[in-house]
Structures are given as C-alpha cells and as structure tokens.
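>>> Got a predicted structure here, sequence first:
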Amino acid sequence: MYKLVACWSAPKPDDEAKFEEAYWGTHIPAAKKAPGMRRLVATQTTAGLEGAAPGFYRVAEMHFANLEDLGASEKSPEWHAMRADAGSMIERFGVTLTVGMGEEQEVPLDNRD
C-alpha cells in the first residue's frame, strides 16, 4: 500500500469552527473523489506524546495500491480540485500543510495475544 500523509497546522482558535466546516464540508468531499484511492483516514489530534502539545492539528492519510495509482490520481481533475481547495484553506485560515508519501509497511508485533 502506498500512502500520502497530509499534516495540517492548527488554525487560530477563533477560526477553528470555520476551518472544520470547510474541511468537512468542502475539502474532505473533494478528497474522496480522488481516483484510485482505496482508503481515506482523517484524524484531529488532541494531544501530543507524554502531555506535550500535538505536532499537528489534523492528519489525513490517503491510501493507494501503489505509487502508479497515486501518480495517475495526481493528474486527474478531481485531484486538481482538491489541491485548489487546500490552497484556498491555507490562504483563508493561515495554516500550513506538510505532505509526505511512501510505502506503508505493517510491522508484526511480537508476543501479543
């Protein structure tokens, strides 16, 4: 499985409700249309490790069968619409979006029941 991970910084507290409305009302519906995507996971982080502040406000994971499927999706009108919406959210809310991609590798846990 090939995965794109998108990490959003937090909007200003006064903008949080409007950000969430835009994220769920426009951005996620646009992301769901990306061709070839097999799974989409959206997480709002509420805590960091050992009581620290979270490093990101939201994390989205877009799963594809392989790099080729992601590459084909990136060329689609649906992908371009999603990217345009992300740019709009960055401008509107002053947030940042950091993206990384790579092959997912599940690691078996030893000695687990």
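Structure's in. What do you need? Not measured: the values here are computed from a predicted model.

>>> How about the contacts made by S9?
For S9, the contacting residues are F56, Y57, V95, T96, L97, T98, by Cβ atoms under 8 Å, 6 or more residues apart in numbering. Just so you know, the C-beta spots here come from the backbone N, C-alpha and C atoms, and that holds for glycine as well.

>>> quick one: contacts for the residue lying closest to it once chain neighbours are set aside?
Counting by Cβ to Cβ, 6 or more residues apart in numbering, S9 lies nearest to T96, which is 4.4 Å off, once chain neighbours are set aside. Counting by Cβ under 8 Å, 6+ apart, T96 touches W8, S9, I90.

>>> Okay, strands next: where are they in this protein?
2-8, 37-44, 58-64, 97-103 (DSSP state E).

>>> For those strands, give me TSV that also has distance to G71, mean pLDDT and mean neighbour count.
Converted to TSV, the strands of the chain look like this (distance: least, Cβ to Cβ, whole Å; pLDDT from 0 to 100; neighbours: other Cβ atoms under 10 Å):
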stretch	distance to G71	mean pLDDT	mean neighbour count
strand 2-8	9	98	18
strand 37-44	13	98	14
strand 58-64	9	98	19
strand 97-103	10	97	11
